[in-house]
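**Student:** Quick check, what structure comes out for this input:
(chains A, B, C and D)
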There are 2 protein chains.
Amino acid sequence: MSPRGTVQNAAMRNQTLANISSAALRMFSEFGYHGTTMKLIAESAGQSYGLVYHYFPSKEAVFRHLVDFALESTIAGMHAVLSAPGTAWEKLERYSAMLVGSALTGDSSRYFLIMTQALTQAKGIEGLQRHIKARAAVFYELLVPLVIQAQKTGEAAQGDPEALVAAYLSLVQGLALLVYQGNGLERKITAEIMSSVLRAPRH
Amino acid sequence: MSPRGTVQNAAMRNQTLANISSAALRMFSEFGYHGTTMKLIAESAGQSYGLVYHYFPSKEAVFRHLVDFALESTIAGMHAVLSAPGTAWEKLERYSAMLVGSALTGDSSRYFLIMTQALTQAKGIEGLQRHIKARAAVFYELLVPLVIQAQKTGEAAQGDPEALVAAYLSLVQGLALLVYQGNGLERKITAEIMSSVLRAPRH
DNA sequence: GTCTATACACTGATAGAC
DNA sequence: GTCTATCAGTGTATAGAC
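**Tutor:** Just a heads-up that it's a prediction; the model follows:
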């Protein structure tokens, strides 16, 4: 009733929501969409079964929420790195460094993983595939112009810029899988290796 | 009873088995392990539900069979390309060409996909993760020495050879995902781009 | 070898008590 | 806001007829 009460309620609600989301991210990234049950999410979050349905109308909604967050935060991260001053090639190298430094370690790699899950198992989820494709197009819209510019200065490799970006993003997705396997090999990956897909052979 | 009868039976059995396996590969690669039902496999193969269980004791066995085939045929393909005469770098380039030319197109890419499915959803399948890790170690055993040799001739990039191979294999896995999405972008990928992860910057 | 029918367990989602 | 109980639907696996 009192203002303080509603504020506390909102805080508690946000915390519970974050708790459930975090648990769902772990489960989806480990068992896939169909392999994850609402019971599993609830138990993993330390919450009751019914409470999950209080925050999300369906399992699909939970998954969509995570996929959207993954897409938007990836786009935001790209924007942040690419909007800082520097040449096109410097920006691309800086993004590789950011991926190796943070995005491909810990929880962030799980977001790349559920993107993979979404792409390879979402045939039954109405419109999700299309939604991802539309938002992922932004990746290309941001990176392709940079590659074209870096090709003019001779820093990026010649060839179809879209193909280069496609290979670069494929490498990122593949590395997220490597991180997930946890052999320790992922710690040896350097920003230089990541950029090598785009880099021109020097003469 | 007669010799001819048993031979015909064996032939029919092999064909039905191949039919079910092929249908299962399609379903698993599109819906993932948990998203694929035995009913779906049966219908997709044009066979009855019970018949699938006549050929495989369980859904897990079907999946294992496909994963094993994927692993062994990938290893066999590597051996074939790498045992042909040539320098270490030539062999690596030849393998990239083979991947772009055949392995990453059509049905072959589905085998790379179920490897991804297996790695990211097989937490519930006892021992599968370990089995894959053990067999996938062969990839490294075959490729790392080649990279080390190509580093000596200055053709491969300097740096940890294991990290280079890990990035190379990650790129392959990522590209299989690209093929699956079917944007048409995968057709622009060249062997040169694939090899760029391993290639040394020329001086 | 091939098919249909079914037992049994589990999952997603809802209802209603506190 | 949080929990337990419950229902309808689906999935794996088996049994048994042909």
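
**Student:** tell me the SS of the closest residue to A:Arg202 other than its chain neighbours?
**Tutor:** Using Cβ to Cβ, 6 or more residues apart in numbering or on different chains and skipping residues adjacent in sequence, the residue nearest A:Arg202 is B:Pro201, 4.7 Å away. Every residue, glycine included, has its C-beta placed from N, CA and C. Following DSSP: H, G, I helix; E, B strand; the rest coil, we place B:Pro201 in the coil state.

**Student:** In contact with B:Pro201: list those residues for me.
**Tutor:** By Cβ atoms under 8 Å, 6 or more residues apart in numbering or on different chains, the contact set of B:Pro201 is A:Arg199, A:Pro201, A:Arg202, B:Ala157.

**Student:** in chain A, which helix or strand is least confident?
**Tutor:** Ranked by mean pLDDT, DSSP states H and E, the weakest helix or strand in chain A is helix A:3-35, scoring a mean of 87.

**Student:** Remind me what that one packs against, helices and strands.
**Tutor:** helix A:38-45, helix A:49-55, helix A:59-83, helix A:107-121, helix B:3-35, helix B:107-121 (3 or more Cβ pairs under 8 Å, 6 or more residues apart in numbering or on different chains; DSSP states H and E).

**Student:** Next one: the closest residue to A:Ala88 other than its chain neighbours from chain B, what distance?
**Tutor:** Spatial nearest neighbour of A:Ala88, excluding adjacent residues (Cβ to Cβ, 6+ apart): A:Gln149 at 3.8 Å. In this view, A:Gln149 and chain B are 19 Å apart by Cβ to the nearest Cβ, to the nearest Å.

**Student:** How about the secondary structure of A:Gln149?
**Tutor:** A:Gln149 - assigned by three-state DSSP - is helix.

**Student:** where does it land on pLDDT?
**Tutor:** As predicted, A:Gln149 sits at a pLDDT of 98.

**Student:** how about low-confidence regions in chain A?
**Tutor:** A:1-5, A:203 (pLDDT under 70).

**Student:** can the contacts of B:Pro201 go into CSV with extra columns for distance to DNA strand D?
**Tutor:** Below are the contacts of B:Pro201 laid out as CSV (distance: Cβ to the nearest atom of the strand, whole Å):
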residue, distance to DNA strand D
A:Arg199, 46
A:Pro201, 49
A:Arg202, 53
B:Ala157, 45
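
**Student:** and these, which are buried?
**Tutor:** Taking 16 or more other Cβ atoms under 10 Å in any protein chain shown as the criterion, what is buried in the contacts of B:Pro201 is A:Arg199, B:Ala157.

**Student:** Next one: the residue nearest to A:Ala88 from DNA strand C, what distance?
**Tutor:** As for A:Gln149, its distance to DNA strand C is 46 Å (criterion: Cβ to the nearest atom of the strand, to the nearest Å).

**Student:** Same check on A:Asn19?
**Tutor:** Here A:Asn19 is placed at a distance of 18 Å from DNA strand C (Cβ to the nearest atom of the strand).

**Student:** quick one: contacts for that residue?
**Tutor:** Residues A:Ala45, A:Gly46, A:Gln47 are the ones in contact with A:Asn19 under the rule Cβ under 8 Å, 6+ apart.

**Student:** how far away is the closest residue to A:Ala118 other than its chain neighbours from A:Phe139?
**Tutor:** Here the nearest residue to A:Ala118 in space, its sequence neighbours aside, is A:Val67; by Cβ to Cβ, 6+ apart that works out to 5.1 Å. Between A:Val67 and A:Phe139 the computed distance is 14 Å (Cβ to Cβ, to the nearest Å).

**Student:** between the two, which one's more packed in?
**Tutor:** Neighbour count, other Cβ atoms under 10 Å in any protein chain shown: between A:Val67 and A:Phe139, A:Val67 has more, with 24 against 18.

**Student:** Phi, psi for A:Ala136 please.
**Tutor:** phi -70, psi -20 (degrees, to the nearest 10).

**Student:** do you know how far it is from B:Ser109?
**Tutor:** From A:Ala136 to B:Ser109 the distance is 19 Å (Cβ to Cβ).

**Student:** follow-up on the earlier one: next, the angle from the least confident helix or strand of chain A to helix A:59-83.
**Tutor:** Interaxial angle, helix A:3-35 versus helix A:59-83 (axes from the mean of the first three to the mean of the last three Cα atoms, to 10 degrees): 100 degrees.

**Student:** And the helix or strand where A:Ala163 lies, what does it pack against?
**Tutor:** Here A:Ala163 sits within helix A:161-181, counting by DSSP states H and E. In this structure, helix A:161-181 makes packing contacts with helix A:107-121, helix A:128-152, helix A:191-195, helix B:107-121, helix B:161-181, helix B:191-195, judged by 3+ Cβ pairs under 8 Å, 6+ apart.

**Student:** Tell me the buried residues in that helix?
**Tutor:** Applying a neighbour-count criterion of 16+ other Cβ under 10 Å, one finds A:161-181 buried in helix A:161-181.
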